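[1] Sequence below, structure please.
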Amino acid sequence: MSENFKDILSHLTNEVDQETLLLYLQNKLTEEKKHEVEKLLLDNEFADDAAEGLKEIKDKKQISYMVEMLNRDLKKKLEKKNKRRERMQIKDQPWLYISILILILLIVISYLVIRKLLEK
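    Below is the predicted model:
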């Protein structure tokens, strides 16, 4: 699975990367760059709502930690889901096909033998 799916903030906007967004939330960007990020966020309603929610966090230094924890949890859940999907999947087993073929052959041969015996 692509690493992009395991990154929480990477899907907010295509233009703003996670690092820039975190710097914006921590007020570490220049005024020009802040204005550019705000303009990009206004174009995307979901990203704007997410940024507003992240702005409400009092300790801005914990945002990076929280994002890391969310990414780790998401990765674990995706791996667990993939493992479950792999277990549920029927795997090709050549011995199973050979067993079925032998069983069908035995049934056909038995039918022919019984029919021949009944004719006599």
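
[2] Can you point out the helix or strand that includes the residue nearest the centre of the chain?
    The centroid of the chain falls nearest to Leu78 when counting by CA atoms, centre = their mean (4.9 Å). Following DSSP states H and E, one finds Leu78 within helix 62-88.

[3] what's the following helix or strand after that helix?
    Next helix or strand after helix 62-88 toward the C-terminus (DSSP H and E): helix 94-119.

[4] where does Lys33 fall, helix, sheet strand or coil?
    Of the three states, Lys33 takes helix under DSSP: H, G, I helix; E, B strand; the rest coil.

[5] May I have the predicted confidence score for it?
    Here, the pLDDT recorded for Lys33 equals 88.

[6] Report the contact partners of it.
    Lys33 makes contacts with 20, 24, as judged by CB atoms under 8 Å, 6 or more residues apart in numbering. C-beta: built from backbone N, CA, C; applies to glycine.

[7] Against Glu119, how distant is it?
    With distances taken as CB to CB, to the nearest Å, Lys33 is found 94 Å from Glu119.

[8] swap in Leu40?
    Leu40 sits at a distance of 86 Å from Glu119 (criterion: CB to CB).

[9] and what of Asp92?
    Distance from Asp92 to Glu119, counting by CB to CB: 42 Å.

[10] More neighbours: Leu40 and Glu119, which one.
    It is Leu40, of Leu40 and Glu119, that has more neighbours when counted by other CB atoms under 10 Å, with 19 against 6.

[11] Quick one, grab the pLDDT at that one.
    pLDDT for Leu40: 81.

[12] and it, helix, strand or coil?
    Local secondary structure at Leu40 is given as helix here, using three-state DSSP.

[13] still on that earlier bit, what's the distance between the residue nearest to the centre of the chain and Lys120?
    Relative to Lys120, Leu78 is positioned 67 Å away (CB to CB).

[14] Let me see the confidence value for Thr30.
    87.

[15] same question, Asn27
    80.

[16] And it, its phi and psi?
    Dihedral pair for Asn27: phi 60, psi 40, per degrees, to the nearest 10.
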